[in-house]
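1. predicted model, plus sequence, below.
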Amino acid sequence: MGSLLKKAATKLLFTAAMIHSPTLSPTTLPNLIINTYTSFNYSSTCSLNPILRPPPPLTYAPPLISAVSKTMSTHAANQSSAATVIDHDALLKQKRILRTKVKSDLKSMDPAQRAQEDIAIQNIVMAAPWYKSCKGLCAYISCSSLREVDTSNLLSHVLQTTTKDGHSQMGRKLYVPRVEDKNRHMRMLKISSVDDLIANTMNILEPNPLDADGNEREDVMLANDPVDMFILPGLAFDKSGRRLGRGGGYYDTLLMNYQNLVKERGWKQPLLVALSYSVQILNEHVIPVAPYDIPIDALVSPSGLILISETAFQRCQ
Ligand SMILES: Nc1nc2c(c(=O)[nH]1)N(C=O)[C@@H](CNc1ccc(C(=O)N[C@@H](CCC(=O)O)C(=O)O)cc1)CN2
Ligand SMILES: Nc1ncnc2c1ncn2[C@@H]1O[C@H](COP(=O)(O)OP(=O)(O)OP(=O)(O)O)[C@@H](O)[C@H]1O
């Protein structure tokens, strides 16, 4: 059984885009076929490009990835257009190389330029009709040492009008991330003030699971109403919706679970909006993607809003 599984797994192929970055030559990234069964779970139901779809005689189909693949939108599937077959370890390595490059570019950014871009990006969000009409959102608390796009003005704006019960006068609810373990488990908990936050071991501000009155904070996965959007962090993005995170898998896992929940309940899917400095926007297909990578709907950079998915075009125009 074990060897059968391994044999089947060795046949599994998945796509990633060829890297076109001048600093990341395609010649350093050979096309590979999976030859080891790593911790990566994969499903035979994966809806990839038909040519690259894994062969059918899989006896074991872990559900985790299939959930993502089944719910992948057309623009997610389109991400695999310039497809190359590589293995999962190689893909993670490519992501690591790219992260190092982008972190170095962020480090070289002029602080004055960064401050200007922080203001411009947040102003674009706050002026957008989809932000103004939003009743609930999940957003990250920016961390300056990670050189993330600042969200402090934006979150103050959301919270300014928030009452003690966590509802803003505009009916808005704000949920922010809390890492629960190193196994990709993150929750989004409702806060009503920045006083609700304390620094975690990574020096990122997070809410306690209990509020000041000792009550459990609302988890977005258990809430009675959906959020309209997620404001996402990341290291790099492109105009086709690819997003490179910090490598924890926290957001991809949470977004997959939330999208599934929304589907089950018949709610509207949230708009996935990432915030990006100019240097974080890479040429299309440079960012490697795996089937579990959740694509973004829109990107806000200092130059404006970039609409990517059909959902974004429908909601943002
Ligand atoms: N502001 C913010 N909050 C967040 C995230 C985020 O990306 N930004 N997360 C998104 O998942 C989760 C936390 N995940 C994190 C994953 C890695 C690192 C980090 O410090 N990474 C270092 C490299 C560490 C290493 O390589 O060992 C780095 O990126 O330089 C921080 C948070 C939840 N909260
Ligand atoms: N939905 C998922 N199911 C199974 N494994 C996953 C899933 N999402 C991510 N992973 C695993 O998590 C690890 C980190 O993935 P990856 O490098 O793509 O993270 P990331 O996209 O940078 O992080 P994040 O999603 O937090 O922004 C990888 O080992 C990957 O296989």
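-> Everything's here; your move. Numbers count the residues shown, from 1 in each chain. Ligands and ions are numbered 1, 2, ... in the order given.
2. got the contact list for Leu299?
-> 237, 239, 273-274, 276, 281, 305-306, 308 (C-beta atoms under 8 Å, 6 or more residues apart in numbering). Where you see a C-beta, it was placed from the backbone N, CA and C, and this is true even at glycine.
3. so which of those residues would you say is closest to Ala139?
-> Using C-beta to C-beta, Val273 comes nearest to Ala139 of the contacts of Leu299, at 9.3 Å.
4. pLDDT-wise, which helix or strand of the chain ranks last?
-> Using mean pLDDT, DSSP states H and E, helix 63-71 stands out as the lowest-scoring helix or strand of the chain, at a mean of 30.
5. still on that earlier bit, in PyMOL, how would I select the buried members of the contacts of Leu299?
-> What follows is the PyMOL syntax for the buried subset of the contacts of Leu299, where burial is set by 16 or more other C-beta atoms under 10 Å:
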select buried, resi 237+273+274+276+281+305+306+308
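6. TSV for the contacts of Leu299, including secondary structure, distance to ligand 2 and pLDDT?
-> Formatted as TSV, those follow (DSSP: H, G, I helix; E, B strand; the rest coil; distance: C-beta to the nearest ligand atom, whole Å; pLDDT from 0 to 100):
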residue	secondary structure	distance to ligand 2	pLDDT
Phe237	strand	11	98
Lys239	coil	18	97
Val273	strand	14	98
Ala274	strand	10	98
Ser276	coil	13	98
Ile281	strand	16	98
Leu305	strand	21	97
Ile306	strand	19	97
Ile308	coil	17	97
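7. so for the longest helix anywhere in the chain, what gets flagged as buried?
-> For the chain, the helix that runs over the most residues, judged by DSSP state H, is helix 88-107. Of the residues in helix 88-107, 88, 90-91, 94-95, 97-99, 101-102, 105-106 count as buried by neighbour count, 16+ other C-beta under 10 Å.
8. from the contact counts, what lies against it?
-> strand 14-17, strand 236-237, strand 243-244 (3 or more C-beta pairs under 8 Å, 6 or more residues apart in numbering; DSSP states H and E).
9. mind doing that once more with 6 Å?
-> Helix 88-107 is packed against no helix or strand, with contacts defined by 3 or more C-beta pairs under 6 Å, 6 or more residues apart in numbering; DSSP states H and E.
10. and it, does that touch ligand 2?
-> Yes - counting by C-beta under 6 Å from any ligand atom, ligand 2 has neighbours in helix 88-107: 92, 95.
11. for the closest residue to Ser145 other than its chain neighbours, helix, strand, or coil?
-> Ranked by C-beta to C-beta, 6 or more residues apart in numbering and with sequence neighbours excluded, the top spatial neighbour of Ser145 is Asn203, at 6.3 Å. Here Asn203 takes the coil state, with states given by DSSP: H, G, I helix; E, B strand; the rest coil.
12. number of residues surrounding Asn203?
-> 10 (other C-beta atoms under 10 Å).
13. how near is it to Glu180?
-> Distance, Asn203 to Glu180, using C-beta to C-beta, to the nearest Å: 17 Å.
14. ok, now Ala298?
-> 28 Å.
15. the two: which is more packed in?
-> Between Ala298 and Glu180, counting by other C-beta under 10 Å, Ala298 is the more crowded of the two (22 against 12).
16. beta partners for the more buried one?
-> Beta-bridge pairing for Ala298 (DSSP bridges): Val273, Leu307.
17. again with Asp219
-> According to DSSP bridges, beta-bridge pairing links Asp219 with Leu189.
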